[in-house]
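compute the structure for the input listed below.
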Amino acid sequence: MGMQRIDVSTTTTAPAAAVYALLRDGASWPDWSPIGSFELESPGGDGGESVGAVRVFRTGRITSRERIVELVPERRLSYVLLSGLAIKDYRADIDLTEGPGGTTVRWSSSFRAKVPGTGWLYRRTLSDFIRKCVDGVAAKAAASAEPRS
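The predicted structure is shown next:
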């Protein structure tokens, strides 16, 4: 079974720090993504949502458990899927690149389907879901970074 890949990007006017803060805070995800709820199942090695933390996200009838595997402040958050979907070897890298026009948010994922012939369906569904996440975090970060009047 072949590796499936998803790569979704957008640019926000917000600084990388604002986007990174939202990504690190699992409790904020239901505010800017299609995710319905968040729970921190177990903290990471440095406490809270640090490397090794297991985060649980619920969307409709789907409950996914994810472990944070890499954090580079204001530049990258990476996680792997532990359970919740009929896929394996899932890893997502969310990279932030700050430039003169704002911050580019690039969400790259790869996985293999557990059931032969279903990889394309998961890729299509997850691509749509990730697009909503990328657009949502970009918009929320931009709104939170705007000066208050």
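
can you give me the helices for the chain?
For the chain, helices defined by DSSP state H occupy the ranges 16-24, 29-32, 119-145.

would you list these in CSV and tack on mean pLDDT and mean neighbour count?
Every C-beta, even on glycine, is put in place using the N, C-alpha and C of the backbone. Formatted as CSV, those follow (pLDDT from 0 to 100; neighbours: other Cβ atoms under 10 Å):
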stretch, mean pLDDT, mean neighbour count
helix 16-24, 97, 21
helix 29-32, 97, 18
helix 119-145, 95, 17
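
which one, of these, ends up nearest to T103?
With Cβ to Cβ as the criterion, T103 lies closest to helix 16-24 of these, at 4.6 Å.

by contact count, what packs against the closest one?
Helices and strands touching helix 16-24, by 3 or more Cβ pairs under 8 Å, 6 or more residues apart in numbering; DSSP states H and E, are strand 76-83, strand 87-99, strand 102-113, helix 119-145.

between that helix and strand 87-99, how big is the angle?
160 degrees (axes from the mean of the first three to the mean of the last three Cα atoms, to 10 degrees).

who touches helix 16-24?
Residues external to helix 16-24 that are found in contact with it (Cβ atoms under 8 Å, 6 or more residues apart in numbering): 12, 28-29, 32, 49, 71, 73-75, 77, 94, 96-98, 103, 105, 137-138, 140-142, 144-145.

residue contacts, A92?
S78, Y79, V80, W107, S108, S109, I130.

may I have the beta-bridge partners of the fifth one?
Per DSSP bridges, the residues bridged to S108 are D7, D93.

so, low pLDDT: which residues of this structure?
Residues of the chain meeting the criterion pLDDT under 70: 1, 147-149.

how much distance is there from stretch 90-104 to the middle of the chain?
11 Å (Cα atoms, centre = their mean, to the nearest Å).
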